[in-house]
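Chemist: what would the 3D arrangement of this be:
(one chain, ligands or ions: 1)
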Amino acid sequence: GKNLTRLNNGSEMPMLGFGAVLETDVVDFNETYTHAWQAGYRLYDTASSYGNQIALGKWLKSLDCKREDYWLTSKVAQYEQGYKETLSAFEKTLKELQTDYLDLYLIHWPKEKTFFETWKALEHLYDEGLVRAIGVSNFEANHLDRLLTKAKIVPAVDQLETHPYFSNHVTHAYLKKLGIQHQAWSPLGHKGAELNDPTLEKLAQKYNKTIAQIILRWQYQNGVATIPKSTNAQRQRENIDIFDWQLTAADIESIDLLQKGERVMGAPDANYSEDKW
Ligand code: A2P
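Modeler: Reported below is the predicted structural model:
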């Protein structure tokens, strides 16, 4: 289908998936995910550090479908990095998610001293057939360069902060060269800044779409996989309804120009330095 991307190992990943709902104590956690399923989402993103894997696992277990009907991504946390540590973290993650394999397992943040060992563990899990694809998150060019000096397997995916005010275009170009699929986290930006942007507002009016749809379609046309999250059924449907219309090249470019290097979080090295973990 047109909304799948073929990763460098041949796996076919949905270009658009459902970002993690972290609030497991909301009474309607199951309902939220059921609405997402009904809206058509077939990729579910989570991470060991999100604290929602047990709830997500219960919901997944309740689904009346085959395991291969959906894609499941998780991530090894900073405090789980290292070879042995990653292998046991993975086991715990499988147990929590009540599954016997993951479609994608990522190193959540580049922790300098351990990412080689962590990567080696991911390669092992891949070789064992316990993960269909392995990748990284928040790795910029310098981290990838170092990882690739020792990696046997090139990461299939790099999940990065990506939205109009922080398009990560330089890393995007580098990933393209390396054959790594760029996937966006916080695709809609933060605190509604982009959702009130006048340029995006004009485009929304022009195409008779919402600003969120314009942003997600821009990512799709730029070859960026994305994982919008919404707890609202209407907005969930809106966010996945981006595949039967398109932006012109000129309009894509006008969104590219909104880039101003404005992150919602600090840079990977600044925010996730050794001494924080
Ligand atoms: P809501 O869940 O009420 O829809 P994050 O960047 O942490 O993934 O959060 C995404 C944020 O964007 C949430 O606050 C979510 O709120 C909001 N959001 C998701 N989809 C839309 C949309 N289509 N229009 C406006 N806000 C949205």
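Chemist: ok, Gln181 - how many residues close by?
Modeler: Neighbourhood size, Gln181 [other Cβ atoms under 10 Å]: 24. The C-beta positions use only the backbone N, C-alpha and C, and glycine is treated the same way.
Chemist: got it, and Lys150?
Modeler: Neighbours of Lys150 (other Cβ under 10 Å): 11.
Chemist: distance of it from Leu144?
Modeler: Lys150 sits 12 Å away from Leu144, going by Cβ to Cβ, to the nearest Å.
Chemist: now Leu7
Modeler: In terms of Cβ to Cβ, Leu7 sits 16 Å off from Leu144.
Chemist: please apply the same query to Asp69.
Modeler: 32 Å.
Chemist: swap in Ile240?
Modeler: 30 Å.
Chemist: pretty sure Gly266 is in a strand, no?
Modeler: No - applying DSSP: H, G, I helix; E, B strand; the rest coil, one finds Gly266 to be coil, outside a strand.
Chemist: OK, contacts around it?
Modeler: If a contact means Cβ atoms under 8 Å, 6 or more residues apart in numbering, then Gly266 has no contacts.
Chemist: let me see the contact set for the residue of the stretch 1-150 of the chain found nearest the ligand.
Modeler: Distances between the stretch 1-150 of the chain and the ligand by Cβ to the nearest ligand atom are smallest at Gly19, namely 4.6 Å. Counting by Cβ under 8 Å, 6+ apart, Gly19 touches 45, 185, 187, 227-229.
Chemist: ramachandran angles for it?
Modeler: Note on Gly19: backbone dihedrals following degrees, to the nearest 10 are phi -70, psi 160.
Chemist: give me the distance between the residue nearest to it when sequence neighbours are not counted and Trp185.
Modeler: Closest residue to Gly19 apart from its sequence neighbours, by Cβ to Cβ, 6 or more residues apart in numbering: Lys229 at 3.0 Å. Counting by Cβ to Cβ, the separation of Lys229 from Trp185 is 9 Å.
Chemist: cool, and Thr231?
Modeler: 17 Å.
Chemist: neighbour count: the two, which is higher?
Modeler: Trp185 (20 against 16).
Chemist: wait, isn't that one in contact with Ile227?
Modeler: Yes - between Trp185 and Ile227 there is a contact under Cβ atoms under 8 Å: 6.5 Å.
Chemist: which neighbours do the two share?
Modeler: 19, 159.
Chemist: strands along the stretch 151-277 of the chain, start to end?
Modeler: Taking DSSP state E, counting those that start in this stretch to define them, one finds strands in the stretch 151-277 of the chain at 157-161, 181-185, 225-226.
Chemist: and if you look at the stretch 1-150 of the chain?
Modeler: Under DSSP E, counting those that start in this stretch, the stretch 1-150 of the chain gives strands at 4-6, 12-14, 43-45, 71-76, 104-107, 134-137.
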